[in-house]
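Enquirer: need a structure here:
(one chain, ligands or ions: 2)
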Amino acid sequence: MLLGINEVEVFDLKAYIDKKKCASDNRICKPLTECPKKAITWIEDEEEPLGSRMEIDREKCVGYGTCVPLCCGDCIEIR
Ligand code: SF4
Ligand code: SF4
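Expert: Ligands and ions are numbered 1, 2, ... in the order given. Alright, predicted model coming up:
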């Protein structure tokens, strides 16, 4: 069965982290430990103001949003 454009877009939904809101703290980050696809990684990065960042692997993320309510900083969005 052929899918319409809107149906394809639904399958392409991914999680995005707003770095400006994110605490980037791997000790408290529930999305990091509880993402069922292990799509979130904590990366040390001297270029970042906090010295690290959370990164979402778009290949692994399935976009169902399990991580959204787990984020203490309300910084993850599905789009
Ligand atoms: S819980 Fe949210 S704000 Fe906190 S480190 Fe994780 S992604 Fe960032
Ligand atoms: S939407 Fe799902 S797969 Fe993607 S980062 Fe969040 S919990 Fe992980």
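
Enquirer: CA only for contacts and neighbour counts going forward, please
Expert: OK.

Enquirer: Can you tell me which residues in the protein are near ligand 1?
Expert: Proximity of the chain to ligand 1 (Cα under 6 Å from any ligand atom) is limited to residues 22-25, 29-31, 71-73, 75.

Enquirer: So how do I select the buried members of those residues in PyMOL?
Expert: To isolate the buried ones among the residues of the chain next to ligand 1 in PyMOL, judged by 16 or more other Cα atoms under 10 Å, type:
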select buried, resi 22+23+24+29+30+31+71+75
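
Enquirer: just the residues of the chain next to ligand 1 now: which is nearest ligand 2?
Expert: residue 31 (6.4 Å; Cα to the nearest ligand atom).

Enquirer: Alpha carbons only: can I get the helix or strand where that closest one lies in PDB?
Expert: Element membership for residue 31 (DSSP states H and E) is helix 30-34. What follows is helix 30-34, C-alpha atoms only, in PDB (Å, rounded to 0.1, in the frame of the first residue of the first chain):
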ATOM      1  CA  LYS A  30      16.300   9.800  33.100                       C
ATOM      2  CA  PRO A  31      15.900  10.100  29.300                       C
ATOM      3  CA  LEU A  32      19.600   9.000  29.000                       C
ATOM      4  CA  THR A  33      19.100   5.900  31.000                       C
ATOM      5  CA  GLU A  34      15.500   5.000  30.100                       C
END
